[in-house]
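Peer 1: Okay, here's the prediction I keep looking at, along with the sequence it came from:
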Amino acid sequence: MPKKQKKSSSSKVHRVKHHVKHHAAKARGHAVSKLPKNRWLRRIMLSIIALVLIATGSMYGIAQWYIWHNRDKPLNYGVTFIPSYARYFGLDPQETMDAIINDLGVRRFRLVSYWEVIEANPGTYDFSELDWQFEKADKVNAKVSLAIGLRQPRWPECHMPERLKTEPRDVWYPQLKEFMTAVIERYKDHPALDSYQLENEFFLSVFGECQDFDRERLIDEYNLVRQLDPDTKLIISRSNNAVGLPIGQPRPDEFAVSVYKRVWDKTITKRYFEYPFPAWFYGFLAGAGELLTGKDMIIHELQAESWLPEGYNMLTAPLEEQNKSLNAQRLKDRFEYGRASGMRTIDLWGVEWWYWRMVHHDDPSLWDVARNEFKNAD
């Protein structure tokens, strides 16, 4: 009897082992079946996977080098300020800039020189508005990065006078160069001027009402600026959607990138879309650019303003809808995201909107976050 029980127990163990082996073999078969049965296709797929892993690892490594390389540089926050956008919200531009300086403590401004505003009448330049912005900055030792050229921040991007919009390039371009010359000559010796930004996101053809993206024009404008003012830093910016590295001409003193995180996708999903790039991706762009060109990169436009669905505008959209794209917590996250990129000069986008929310809607949440971040910047 004991012998029979031993045999039965041994048989059960054997069956269990056989069952386990069978399922293990079946699982391996399923895993293998997920790859193409053709030997060459399997090799191609494995090679692609290996290349992706190598590329991602290399990008991450460059990003970490760049972040480490910049670790001891001071953090320099700034804002883009546009008087016409403040007026759009029913704000007084001078009062708004005073609040940005005195309450937020901003000491770096990205300002604009719209052609359609300054030369509304041919050959007559009105610099009065840009003058008071420079003077306010200078009084508190703030520095200015001045946008110059045809394409500058805010819709419609290309700020050409209405009288020239239907004219061919050989008519408007010489006049643009004359206008740029007048702007540079007026401000090149101003103590507040820190840099020029030449043609905001020049190659971004899918956004804005612009018609000319010829690299030769950008090179020609670059040479004009260098000729008129060889001593002031010159910046050229790119969109976060641009593919590739800035290895072509012209070669500025510094590159810049716009970084947008949460926007409304009007084409495919019809919903809010969060760009999936981690902060180190922009560290890679900056690091790879520096390794290739020897030039550093800054964030010239970090999204800190809602991007609303079509049919809404910032004046009438409910605050609940605005908050779906950017609220106080997301603004705080944007500051952290910018720092995590490793870039140490970061210009925020949307300061006029923060102020409007506080003044007209009794909602200081965005303004308070920004004040705290500017106060605690190292």
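Peer 2: Looks like it came in fine. All figures in this text were calculated on a predicted structure; none of them were measured in a lab.
Peer 1: Just the terminal-to-terminal distance for stretch 126-145.
Peer 2: Stretch 126-145 has its terminal residues 20 Å apart, counting by Cα to Cα, to the nearest Å.
Peer 1: Show me which positions of that stretch end up buried.
Peer 2: Neighbour-count burial for stretch 126-145, counted by 16 or more other Cβ atoms under 10 Å, picks out 127, 129, 130, 133, 134, 136, 137, 142, 143, 144, 145. All C-beta spots, glycine's among them, are computed from the backbone N, C-alpha and C.
Peer 1: average pLDDT across it?
Peer 2: Average pLDDT, stretch 126-145: 98.
Peer 1: hmm, who's touching that stretch?
Peer 2: In this structure, residues lying in contact with stretch 126-145 by Cβ atoms under 8 Å, 6 or more residues apart in numbering are 78, 81, 83, 93-94, 97-98, 101, 106-111, 113, 117-120, 186-187, 190-197, 235, 300, 347.
Peer 1: Would you list the buried entries among those residues?
Peer 2: Neighbour counting with 16+ other Cβ under 10 Å marks 78, 81, 83, 93, 97, 101, 106-111, 113, 117-119, 186-187, 190, 192-197, 235, 300, 347 as buried within the contacts of stretch 126-145.
Peer 1: Just the buried residues of stretch 126-145: which are in strands?
Peer 2: 143, 144, 145 (DSSP state E).
Peer 1: quick one: which of those is nearest residue 160?
Peer 2: Closest to residue 160 out of these is residue 145 (21.9 Å), distances taken as Cβ to Cβ.
Peer 1: ok, back up a step: please identify which of the ones in strands among the buried residues of stretch 126-145 is nearest to residue 48.
Peer 2: For those, the closest approach to residue 48 (Cβ to Cβ) belongs to residue 145, at 42.1 Å.
Peer 1: measure the closest one to residue 133 for me?
Peer 2: 12 Å (Cβ to Cβ, to the nearest Å).
Peer 1: what about the strands in the stretch 151-300 of the chain?
Peer 2: In the stretch 151-300 of the chain, the segments counted as strands under DSSP state E, counting those that start in this stretch are 193-198, 233-238, 254-259, 262-265, 271-274, 297-303.
Peer 1: Highest mean neighbour count across those, which stretch is it?
Peer 2: Mean neighbour count, computed with mean count of other Cβ atoms under 10 Å, is highest for strand 297-303 among the strands of the stretch 151-300 of the chain, reaching a mean of 26.
Peer 1: Sort out which residues of the next helix or strand after that strand are buried, please.
Peer 2: Going down the chain from strand 297-303, the next helix or strand is helix 319-325, by DSSP states H and E. Neighbour-count burial for helix 319-325 flags 322, 323, 324, 325 (criterion: 16+ other Cβ under 10 Å).
Peer 1: No further questions, thank you.
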